[in-house]
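> Fold the following for me, if possible:
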Amino acid sequence: MNTLKEKKFTPALVSIVLFSVLTVLVVNQVSWFTYVDSMIYQFDWEANAVITSIVTVFAKTATIIPTFIISLIVSVILWRNKHKLVAIWMSSNILVVSALGYILKITVARPRPDVTQLVEKTSYSFPSGHSLLAMCLACSILLSVQTIYSKQNKKGLLLKKIVIAYVLLIGLSRIYLRVHFPSDVMAGFLLSFAWVNLSYVCLQRIYLNRTFQTALSKKRFIQKTILSVLTLLLLVVASASVYGATVFKNVQKTADKIYQPLNRKTKSVELTNSEPVSFLLLGIANDSKRKTDLRANTIMVVTVNNQLKKTTITSIPRDAYVEIIGKDGVYDKINHAHSFGGDEMMIETVEHYLEIPINHYFVINMDGLAALSDAVGGVTVNNDFEFDAEGIHYPKGEQHLGGWETLQYARMRYEDPLGDYGRQKRQREVTIQLTKELTSMKSVLRYQELLDVIGENGQTDMTLDQMMLLMKNYQKALENIESYQMQGEGFTGDGYTGEEGISYQGISEEERDKVITALKQQLNLN
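Next up, the predicted model:
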């Protein structure tokens, strides 16, 4: 083998630095960068159907299966030409960058551009997987050809121009189809370029430019290297399999523990078909410091619509004066339904009041809220006004709260000018922030702590399979969350309308009809 001109680490290191800077800007959502990055989608233009179809098909060439098949074909050619280690390096690059891209996607968890996509995509946006694989394939092929043919010729220059054009067109296709920001594409290019060049320099210094005394010593070195790589790969796969099986076993154990099905006749929703689905979220006031009669202090109706790509959280005042279903026409505070008849009576009361089906429910007690916040490393909130609660001072503005602080932030109402409505607003804020934290990659690293918290403090009628389908099929809708607060007017019971001397919230028919209409639209109900 000819001694090749030794490549430097500099290009790879520069790419790593640029990629890191880009990642920091994206993760921290730097305002000027976000504005510049999304400028291209500020222009209103009409897509051509024929061009869109061609671009869509072309973009599919940069997915994992086509790129890996091409890399295998090139690897076979290299192997037959006695470049065995280069052949293994060629195919392994696609697998490595694909894994790196997947990990980064779920770690950064960047939503796709909030525009009308020309092709449906539900995964996260950063980095662009197509750009990642296209650049990886192009760099790997060019370096492999350079390894075989040390001298540059016209055919080599033509190949270089072709693969560069291919990579650039793949990047442009992701923006044309409106599924990626320019920074996603650039990040994919930089990450692949860095990995391929870094690994090639290592391969070159360890093997390609190494002088062997005999053909036998060279052969033994190749065999030893291949065996070492396969052994390492086997160990990684085995370790990942054992870890994955342990995680699944623990998740299944927790899912079985919190699974509490109810004897209800509400039509089930086909989560595999991404049909609109509704949930009732209940926060039960039975924390360790304030033992109560299990009234629902937090009542939220959540609707998830994949077609509209939207999730809504509607808060119902806990003191809303409504008919309690199952109590023979009795009217009372809606949160008393849980005291009277548990989850089932609570769900039936909400269904009757809002005239919609509740497909599933989730319950967590107040101890669980604090522990859940601690398990995800706390939540960041934006406080509207300065106040104190339980000896904790909450300044106005953005702040990061631990578990106990989050609980008191969510439950305080006496110092709030809006009273219980202000508290419900903060509860929705905490719910949204917890949802974001729970779906981020860093929560995976704390999965056991999260499972323990949920297992001790949660309850639902969803199976593990249903929860996994929800996270998989409704990802786009869960990224776009809107909230609403049902509004009422306070009144004191006189013995005829409500118990004498007790405070209630009266919800007008106009307000109730407004909420019913919005929820039915979200659930695609006539």
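> OK, contacts around the nearest residue in space to M186 that is not next to it in sequence?
Among residues not flanking M186 along the chain, L22 sits closest, at 6.4 Å (Cβ to Cβ, 6 or more residues apart in numbering). Every C-beta, even on glycine, is put in place using the N, C-alpha and C of the backbone. Listed by Cβ atoms under 8 Å, 6 or more residues apart in numbering, the contact set of L22 reads 183, 186-187, 190.
> now A296
Taking Cβ under 8 Å, 6+ apart, one finds 282-285, 318, 334-335, 337-338, 346 in contact with A296.
> For it, give me phi and psi.
phi -80, psi 110 (degrees, to the nearest 10).
> Give me the pLDDT for it.
pLDDT, A296: 77.
> List the beta-bridge partners for it.
I284 (DSSP bridges).
> Check F387 too.
On the basis of DSSP bridges, F387 is bridged to Y394.
> Okay, it and K520: tell me how far apart.
37 Å (Cβ to Cβ, to the nearest Å).
> okay, the two: which has more neighbours?
More crowded of F387 and K520, by other Cβ atoms under 10 Å: F387, with 18 against 15.
> and L235, how many neighbours does it have?
So L235, with other Cβ under 10 Å, has 10 neighbours.
> Which helix or which strand is home to it?
helix 215-258 (DSSP states H and E).
> what about the strands in the protein?
277-284, 296-305, 310-315, 321-323, 331-333, 360-365, 379-383, 387-389, 392-394, 397-401, 458-460, 481-485, 489-492, 503-506 (DSSP state E).
> Just put these in TSV and tack on distance to C139.
Converted to TSV, the strands of the chain look like this (distance: least, Cβ to Cβ, whole Å):
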stretch	distance to C139
strand 277-284	44
strand 296-305	41
strand 310-315	40
strand 321-323	64
strand 331-333	66
strand 360-365	47
strand 379-383	39
strand 387-389	56
strand 392-394	52
strand 397-401	41
strand 458-460	47
strand 481-485	40
strand 489-492	67
strand 503-506	64
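> out of those, nearest to Q424?
Smallest distance to Q424 across those (Cβ to Cβ): 4.3 Å, for strand 310-315.
> Could you list the alpha-carbon positions for that closest one in PDB?
Written as PDB, here are the backbone C-alpha positions of strand 310-315 (Å, rounded to 0.1, in the frame of the first residue of the first chain):
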ATOM      1  CA  LYS A 310     -52.100  20.800  19.200                       C
ATOM      2  CA  THR A 311     -52.600  19.900  22.800                       C
ATOM      3  CA  THR A 312     -55.000  22.000  25.000                       C
ATOM      4  CA  ILE A 313     -55.100  22.100  28.800                       C
ATOM      5  CA  THR A 314     -58.300  23.400  30.200                       C
ATOM      6  CA  SER A 315     -58.500  24.100  34.000                       C
END
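> Direction included, what does that strand pair up with?
As assigned by DSSP bridges, strand 310-315 forms pairs with strand 296-305 (antiparallel), strand 481-485 (parallel).
> hey, which of these is tucked in deepest?
Burial of the strands paired with strand 310-315 is given as mean neighbour count (mean count of other Cβ atoms under 10 Å); strand 296-305 ranks first at a mean of 24.
> how big is the angle separating that one from strand 360-365?
150 degrees (axes from the mean of the first three to the mean of the last three Cα atoms, to 10 degrees).
> just how off-centre is strand 296-305 within its chain?
Averaged C-alpha coordinates place strand 296-305 at 20 Å from its chain's average position (Cα atoms, centre = their mean, to the nearest Å).
> tilt between that strand and strand 277-284?
160 degrees.
> Distance of K249 relative to S239?
Going from K249 to S239 by Cβ to Cβ gives 16 Å.
> can you list the weak-confidence ranges in the stretch 51-200 of the chain?
Scanning the stretch 51-200 of the chain for pLDDT under 70 picks out 121-122, 150-153.
> Spell out, range by range, the helices that occur in it.
For the stretch 51-200 of the chain, applying DSSP state H, counting those that start in this stretch gives helices covering 64-80, 84-108, 129-148, 154-176, 182-203.
> For the nearest residue to L407 once chain neighbours are set aside, the count of nearby residues, please.
Spatial nearest neighbour of L407, chain neighbours left out: A370 (4.1 Å); criterion: Cβ to Cβ, 6+ apart. Per other Cβ under 10 Å, the neighbour tally for A370 reads 22.
> Pull the contacting residues for A370.
Contacts of A370 (Cβ under 8 Å, 6+ apart): 287, 403-404, 406-407.
> can you pull the pLDDT of it?
At A370, the predicted lDDT confidence score is 81.
> Isn't E415 up against D388?
Yes - between E415 and D388 a contact is recorded at 7.2 Å, counting by Cβ atoms under 8 Å.
> Helices of the stretch 401-526 of the chain, residue ranges please.
Going by DSSP H, counting those that start in this stretch, the stretch 401-526 of the chain shows helices at 403-411, 420-438, 441-444, 447-457, 464-473, 475-479, 509-522.
> Which of the ones you listed sits closest to M39?
For those, the distance to M39 is smallest for helix 475-479, at 21.4 Å, taking Cβ to Cβ.
> tell me what that closest one is packed against?
Where contact means 3 or more Cβ pairs under 8 Å, 6 or more residues apart in numbering; DSSP states H and E, helix 475-479 is packed against strand 296-305, strand 310-315.
> Check the offset of the last one from the chain's centre.
For strand 310-315, the distance from its own C-alpha centre to the chain's C-alpha centre is 18 Å (Cα atoms, centre = their mean).
> Who are the contact partners of K257?
G455.
> swap the cut-off to 10 Å and go again
The contact partners of K257, taken as Cβ atoms under 10 Å, 6 or more residues apart in numbering, are 451, 454-456, 458-459.
> Need those residues in JSON lines (columns: distance to S140, pLDDT and neighbour count).
JSON lines is the format used below for the contacts of K257 (distance: Cβ to Cβ, whole Å; pLDDT from 0 to 100; neighbours: other Cβ atoms under 10 Å):
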{"residue": "L451", "distance to S140": "40", "pLDDT": "77", "neighbour count": "19"}
{"residue": "I454", "distance to S140": "44", "pLDDT": "79", "neighbour count": "23"}
{"residue": "G455", "distance to S140": "46", "pLDDT": "82", "neighbour count": "17"}
{"residue": "E456", "distance to S140": "50", "pLDDT": "82", "neighbour count": "14"}
{"residue": "G458", "distance to S140": "47", "pLDDT": "84", "neighbour count": "17"}
{"residue": "Q459", "distance to S140": "51", "pLDDT": "88", "neighbour count": "19"}
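> V108 contacts P127, doesn't it?
Yes - between V108 and P127 there is a contact at 8.3 Å, judged by Cβ atoms under 10 Å.
> Domains of this structure: list them as residue ranges, please.
As recorded under automatic domain parsing, the domains making up the chain are 10-211, 212-258, 259-522.
> Just the CA atoms of stretch 473-486, as CSV, please.
C-alpha atoms of stretch 473-486 as CSV (Å, rounded to 0.1, in the frame of the first residue of the first chain):
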residue,chain,number,x,y,z
ASN,A,473,-47.6,8.9,17.7
TYR,A,474,-48.6,12.2,19.2
GLN,A,475,-45.2,13.8,19.6
LYS,A,476,-45.9,16.8,17.2
ALA,A,477,-49.2,17.6,19.1
LEU,A,478,-47.5,17.3,22.5
GLU,A,479,-44.9,19.9,21.5
ASN,A,480,-47.6,22.6,20.9
ILE,A,481,-49.5,23.1,24.2
GLU,A,482,-52.2,25.8,24.7
SER,A,483,-54.0,26.4,28.0
TYR,A,484,-57.3,27.9,29.0
GLN,A,485,-58.9,28.7,32.3
MET,A,486,-62.7,28.4,32.8
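> related to what we said a few turns ago, out of the helices of the stretch 401-526 of the chain, which gets nearest to T10?
Once the helices of the stretch 401-526 of the chain are compared by Cβ to Cβ, helix 441-444 is nearest, at 30.6 Å.
> Around Q307, how many other residues sit close by?
Q307: 11 neighbours (other Cβ under 10 Å).
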